[in-house]
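>>> mind looking at a prediction? Sequence and model below.
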Amino acid sequence: MKLKLPDIFIQDKIVRILSSYDELIKNNRRRIQLLEESARLLYREWFVFLRFPGHEHVKVVDGVPEGWEKTTANEVMDILSGGTPKTGIPDYWDGDIPFFTPKDVTDCAFTNNTEKTITELGLSKCNSRLYPKYTLFITARGTVGKLSFAQRPMAMNQSCYALVGKKNISQQFLYCSLKASIEQFKARASGSVFDAIVVDTFKQIPFLKPTNALISDFTNEVKATFEQVDKLSIMNFKLAEARDLLLPRLMNGEIAV
């Protein structure tokens with residue numbers, strides 16, 4: 001196989017151009033990690049170590065601050081399922097609707113792009129809704145316990161659950177609380193062939209529900225953090241897309257360097 005390569009000096013210039021994209025993507029990923037870690041640390045400080053604002057003036061009864069409620073995960077969130085359109089019908093696939101599966105989970109709190117997409121017809125022929133942005137997905141089969149926000153409206157297959165907070169539970173609080181207790185889900189996952197989370201699993205997960213006012217205060221504290229993560233991850237998606245479009249044009253001389 002014969003390959004046509006640019007002069008080594010041209011190659012170096014191309015590398016320098018593309019490296020600027022890679023460096024910016026790398027820096028954004030680092031910023032995302034720090035932002036997500038700050039939200040998790042704040043959650044742990046307030047709701048694990050119980051050093052929330054005003055904790056000095058709140059009585060603790062049976063190990064729980066007064067006004068907090070001991071419950072289970074299934075009581076504080078709606079647990080919604082997905083489904084897959086028939087793979088043998090082309091009209092159901094390759095449309096404009098992202099189709100989330102466990103393969104699409106990223107290291108970031110958000111998922112924007114999915115390996116597969118479906119059409120409106122495909123959505124109408126499966127058991128999944130079109131879940132809005134900030135719906136929280138949890139992988140339930142195989143590799144269990146991975147969490148991700150939908151970054152844009154998308155459907156979901158049957159190997160995941162879509163989680164939506166209820167009783168004044170915000171999506172940001174829900175994400176942080178599940179991140180803190182995800183090992184309990186993994187420990188309770190079971191199956192004859194591979195590990196799986198089922199709806200009854202959520203009934204076994206203890207959930208400590210703070211007061212509505214404290215959940216609201218926490219959400220206000222971390223909302224801007226997650227919005228920044230959202231923006232940075234979208235920026236990285238666009239940077240990678242631009243870099244990949246630029247590379248062949250630089251290599252074939254369409255764009256001078």
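Happy to help now that I have it.
>>> quick check: the nearest residue to Glu66 once chain neighbours are set aside vs Lys70, distance?
Nearest residue to Glu66, sequence neighbours excluded (C-beta to C-beta, 6 or more residues apart in numbering): Lys59, at 4.5 Å. Any C-beta I mention is one placed from the backbone N, CA and C, and that applies to glycine too. Computed as C-beta to C-beta, to the nearest Å, the Lys59 to Lys70 distance reads 15 Å.
>>> out of these two, which sits in the more crowded spot?
Shown here are Lys59 and Lys70; by other C-beta atoms under 10 Å, Lys70 has more neighbours (11 against 8).
>>> what residues are up against that one?
64, 206-209 (C-beta atoms under 8 Å, 6 or more residues apart in numbering).
>>> from these, which is closest to Arg129?
Relative to Arg129, the closest of the contacts of Lys70 is Phe207; by C-beta to C-beta it sits at 24.0 Å.
>>> that closest one contacts Phe47, doesn't it?
No: contact criterion C-beta atoms under 8 Å: Phe207 and Phe47 do not qualify, at 10.7 Å.
>>> any common contacting residues for the two?
Contact criterion C-beta under 8 Å, 6+ apart; residues bridging Phe207 and Phe47 by contacting each: Ser177.
>>> give me the more crowded residue out of the two.
Legend: neighbour count by other C-beta under 10 Å for Phe207 and Phe47, higher for Phe47 (22 against 19).
>>> which stretches in this protein count as helices?
Per DSSP state H, the chain carries helices over the ranges 8-43, 73-76, 120-124, 171-188, 199-203, 212-251.
>>> same list (those) but as a markdown table, adding distance to Gly145 and mean pLDDT.
Shown next, in a markdown table, are those (distance: least, C-beta to C-beta, whole Å; pLDDT from 0 to 100):
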| stretch | distance to Gly145 | mean pLDDT |
| --- | --- | --- |
| helix 8-43 | 15 | 92 |
| helix 73-76 | 12 | 96 |
| helix 120-124 | 26 | 98 |
| helix 171-188 | 5 | 90 |
| helix 199-203 | 10 | 92 |
| helix 212-251 | 20 | 94 |
